[in-house]
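Novice: I'll drop the sequence and a predicted model, then ask my questions.
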Amino acid sequence: MRKLLLVLLFVFFNSYASSDPLLVVTELSPPDQILVDGKVTGKGTEFIRAIFAKANLTPDIQMYPWARAFRLASTIQNTFIYTIARTKGRENNFHWIGPVSHFELAFVALKERDDIIINNTEEAKKYKIAMQRNDFSTDILTNLGFEVVLTTDIQKSYALLVAKKVDLIVDDPELIHQISQYLPTPDAEFKAIYNVEELKVDAYLAANKNTDMRYINALQKAFYTLKNTQGLP
């Protein structure tokens with residue numbers, strides 16, 4: 001009887017561990033999430049792959065415009081998303097596996113725009129800003145009274161900035177120079193104007209609220225094991 005139980009547990013575990021690949025969605029965000037020869041890779045992405053490998057799970061990582069990635073993760077069972085800001089408004093809408101990054105965002109303008117001067121968040125309201133739909137920063141700034149031009153992804157926000165159809169976008173000051181190669185005008189130059197205190201937040205690997213708890217538990221265990229042994233990327 002004991003041998004039979006062990007066999008059944010072995011079969012169950014291997015069936016679980018060798019299950020079909022799990023959909024994991026993300027957006028373009030160099031250097032952590034980039035597309036090379038059709039494969040999503042990058043420093044942050046390889047950490048995500050390591051978490052799944054440690055949990056004996058196989059990720060099917062796909063890159064989409066942020067608005068679509070967010071919608072897929074919000075509506076499809078057993079779908080994962082990274083890197084997503086953990087905010088009060090989203091708290092009960094996802095399972096939160098673990099923090100894999102940290103956002104400290106700023107207002108970004110074309111380098112040539114010496115006329116744009118911002119000393120506090122309130123002063124930025126007089127400028128035209130492009131932001132991504134379903135992005136946490138969009139939610140926060142609109143709640144603060146900002147009127148923004150909505151786009152589906154960061155590339156389109158940058159495109160509006162380069163075309164001078166908007167004055168500002170919001171992005172990480174450390175990463176603005178790395179996204180140029182993914183734009184139609186790779187020679188465009190940008191600068192951070194003002195760091196927005198309200199846009200500092202931890203970003204997570206998260207899962208659809210209806211995801212199988214076996215996956216959640218396995219991935220959380222794997223995340224903290226890697227965090228404690230290797231540290232975060």
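Specialist: Here it is on my side, so go on.

Novice: can you pull the buried residues of stretch 77-94?
Specialist: Across stretch 77-94, burial judged by 16 or more other C-beta atoms under 10 Å covers 79, 80, 81, 82, 83, 84, 85, 86, 90, 94. For the C-beta atoms, the positions are set from N, CA and C on the backbone; glycine is no exception.

Novice: low pLDDT regions in the chain?
Specialist: Within the chain, the segments meeting pLDDT under 70 span 1-19.

Novice: which residue ranges of it form strands?
Specialist: 22-26, 34-36, 39-41, 59-63, 80-85, 94-110, 129-132, 148-151, 168-171, 190-208 (DSSP state E).

Novice: mind checking which of those is nearest residue 222?
Specialist: Among the strands of the chain, strand 94-110 comes nearest to residue 222, with 8.7 Å by C-beta to C-beta.

Novice: ok now the closest one, how far from the chain's centre?
Specialist: On the basis of C-alpha atoms, centre = their mean, to the nearest Å, strand 94-110 is displaced by 7 Å from the centre of the chain it belongs to.

Novice: what's the longest helix in the chain?
Specialist: The helix spanning the most residues in the chain, taking DSSP state H as the definition, is helix 213-230.

Novice: list the contacts of that helix.
Specialist: Applying C-beta atoms under 8 Å, 6 or more residues apart in numbering, the external contacts of helix 213-230 come out as 16, 22, 47, 50-52, 54-57, 78, 95, 97-98, 100, 205, 207.

Novice: ok, stretch 102-121 next?
Specialist: Residues from elsewhere that reach stretch 102-121, judged by C-beta under 8 Å, 6+ apart: 83, 85, 123-124, 127, 129, 136-137, 144, 161-162, 164, 167-173, 176, 188-203.

Novice: same question, stretch 170-179
Specialist: With C-beta under 8 Å, 6+ apart as the test, stretch 170-179 has contacts from 28-31, 103-108, 129, 131, 135, 137, 141, 154-155, 157-158, 190-192, 195-196, 199.

Novice: how about the contacts made by residue 60?
Specialist: With contacts defined as C-beta under 8 Å, 6+ apart, the neighbours of residue 60 are 21, 22, 23, 24.

Novice: measure it to residue 75 for me?
Specialist: 17 Å (C-beta to C-beta, to the nearest Å).

Novice: repeat that for residue 154.
Specialist: 22 Å.

Novice: okay, the two: which has more neighbours?
Specialist: Taking other C-beta atoms under 10 Å, residue 154 and residue 75 do not tie; residue 154 has more neighbours (25 against 11).

Novice: which residue comes closest to that one once chain neighbours are left out?
Specialist: Nearest-residue entry for residue 154: residue 132, 6.1 Å, with adjacent residues in sequence omitted and distances by C-beta to C-beta, 6 or more residues apart in numbering.

Novice: so the one you found touches residue 64, yeah?
Specialist: No. At 11.8 Å, residue 132 does not count as touching residue 64 under the criterion of C-beta atoms under 8 Å.

Novice: and these two? Which one has more around it.
Specialist: It is residue 132, of residue 132 and residue 64, that has more neighbours when counted by other C-beta under 10 Å, with 24 against 18.

Novice: list the contacts for the more buried one?
Specialist: 65, 66, 67, 138, 150, 151, 152, 153, 154, 156, 157.

Novice: mind running it again at 6 Å?
Specialist: Contacts here follow C-beta atoms under 6 Å, 6 or more residues apart in numbering; on that basis residue 132 touches 66, 151, 153.

Novice: in a markdown table, list those along with distance to residue 184 and neighbour count.
Specialist: Below are the contacts of residue 132 laid out as a markdown table (distance: C-beta to C-beta, whole Å; neighbours: other C-beta atoms under 10 Å):
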| residue | distance to residue 184 | neighbour count |
| --- | --- | --- |
| 66 | 19 | 26 |
| 151 | 14 | 23 |
| 153 | 14 | 21 |
